[in-house]
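**Q** Quick check, what structure comes out for this input:
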Amino acid sequence: PVAAPLTAVTPQWSLMYCSYFYSQSLLEKLDIKDNVTRGFLSGAFCGLVVATITAPSDAIKIVAQNERVSARTAMQRLFKR
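**A** Numbering: from 1, shown residues only. Model (predicted):
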């Protein structure tokens, strides 16, 4: 039962980590020195990247669980809506 959540959470955390520090390096090149501003902008960028990936997969998972169908069927039903 532990393997299924780990297969979803681990890549998500990796994506969060990479996008946060990638944006930190971009902001450093733009010479933004204020740590609060850099933290805010990096966090916003990280959230945007992660949300675009996880929100659709979570929607598919929720429909599949609620309607007790496969993920493929749930995806097809979402695209029909």
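**Q** and Trp13, what element?
**A** Using DSSP states H and E, Trp13 falls within helix 3-29.
**Q** Show the average pLDDT along that helix.
**A** Averaged over helix 3-29, pLDDT sits at 89.
**Q** The helix or strand just after it: which residues count as buried?
**A** Next helix or strand after helix 3-29 toward the C-terminus (DSSP H and E): helix 35-67. Buried residues in helix 35-67, counted by 16 or more other Cβ atoms under 10 Å: Arg38, Leu41, Ser42, Phe45, Cys46, Val49, Val50, Thr54, Ile60, Val63, Ala64. Glycine gets a C-beta too; all of them are placed from N, C-alpha and C.
**Q** Now the element after helix 35-67, going C-ward?
**A** helix 71-80.
**Q** ok, residues contacting that next one?
**A** Outside helix 71-80, the residues that touch it by Cβ atoms under 8 Å, 6 or more residues apart in numbering are Ala59, Ile60, Lys61, Val63, Ala64, Glu67, Val69.
**Q** Fine by me, we can end here.
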